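>>> I'd like to go over a predicted model; first the sequence, then the structure.
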Amino acid sequence: MKLLFINGVNLNLTGKRETGVYGSKTLDEINKAIAAHFASDECEFYQSNCEGDICTKLQNAVCDGIILNAGAFTHYSYAIRDAIAAINIPVVEVHMSNVHAREEFRHNSVLSEVCRGVILGFGENSYILAGDSFKL
Ligand code: DQA
């Protein structure tokens with residue numbers, strides 16, 4: 001199975017920003033742990049701070065499932081929402097933090113409606129739980 005893990009805006013700072021919320025592991029360290037968990041699968045990791053680049057990545061994706069943490073884009077990017085709706089690959093929305101226990105603006109996702117499901121609040125394990133969902 002080929003899984004594509006996409007991280008959006010500011011996720012490149014994971015391990016350095018708001019470590020009380022997102023933990024102290026870097027994105028690279030998290031991706032290595034994910035790759036180890038999915039050792040028998042093919043994993044691709046992509047991160048961008050640019051909304052359009054994430055849309056292009058979604059449009060060009062060739063894989064069985066996409067795990068997407070769009071960061072703050074989650075809360076307002078109709079462009080990413082439309083890109084998800086345009087492709088025929090299932091997408092699982094992921095958040096490391098429990099966004100519902102945080103500021104009000106984080107409670108709404110414009111992506112959830114076009115995603116297969118949502119996993120949130122389990123730190124770096126949110127990515128693994130989301131990837132595992134493609135095996136059910
Ligand atoms: C996040 C939650 C978002 O609200 C925030 O903007 C992020 C990270 C998470 O993984 O918990 O950048 O998606």
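Perfect, thanks for sending it.

>>> near the ligand, which residues of this protein?
Asn10, Asn69, Gly71, Ala72, Thr74, His95, Met96, Ser97, Val99, Arg106 (Cβ under 6 Å from any ligand atom). Glycine gets a C-beta too; all of them are placed from N, C-alpha and C.

>>> what residues are up against the nearest residue to the first one once chain neighbours are set aside?
Think Asn10. Leaving aside its chain neighbours, Asn10 sits nearest to Gly71 (5.2 Å; criterion: Cβ to Cβ, 6 or more residues apart in numbering). With contact taken as Cβ atoms under 8 Å, 6 or more residues apart in numbering, Gly71 is in contact with Asn7, Gly8, Val9, Asn10, Leu11.

>>> Going by distance to the ligand, which of those wins?
Among these, Asn10 lies closest to the ligand (Cβ to the nearest ligand atom), at 4.9 Å.

>>> burial of the closest one, as a residue count?
Counted with other Cβ atoms under 10 Å, the neighbours of Asn10 add up to 15.

>>> and it, what does it touch?
Applying Cβ under 8 Å, 6+ apart to Asn10 gives the contacts Arg17, Asn49, Gly71, Ala72.

>>> Can I get those in JSON lines including secondary structure and pLDDT?
Converted to JSON lines, the contacts of Asn10 look like this (DSSP: H, G, I helix; E, B strand; the rest coil; pLDDT from 0 to 100):
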{"residue": "Arg17", "secondary structure": "strand", "pLDDT": "98"}
{"residue": "Asn49", "secondary structure": "coil", "pLDDT": "98"}
{"residue": "Gly71", "secondary structure": "strand", "pLDDT": "98"}
{"residue": "Ala72", "secondary structure": "helix", "pLDDT": "98"}
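
>>> For the residue nearest to Asn10, give its distance to Asn7.
7 Å (Cβ to Cβ, to the nearest Å).
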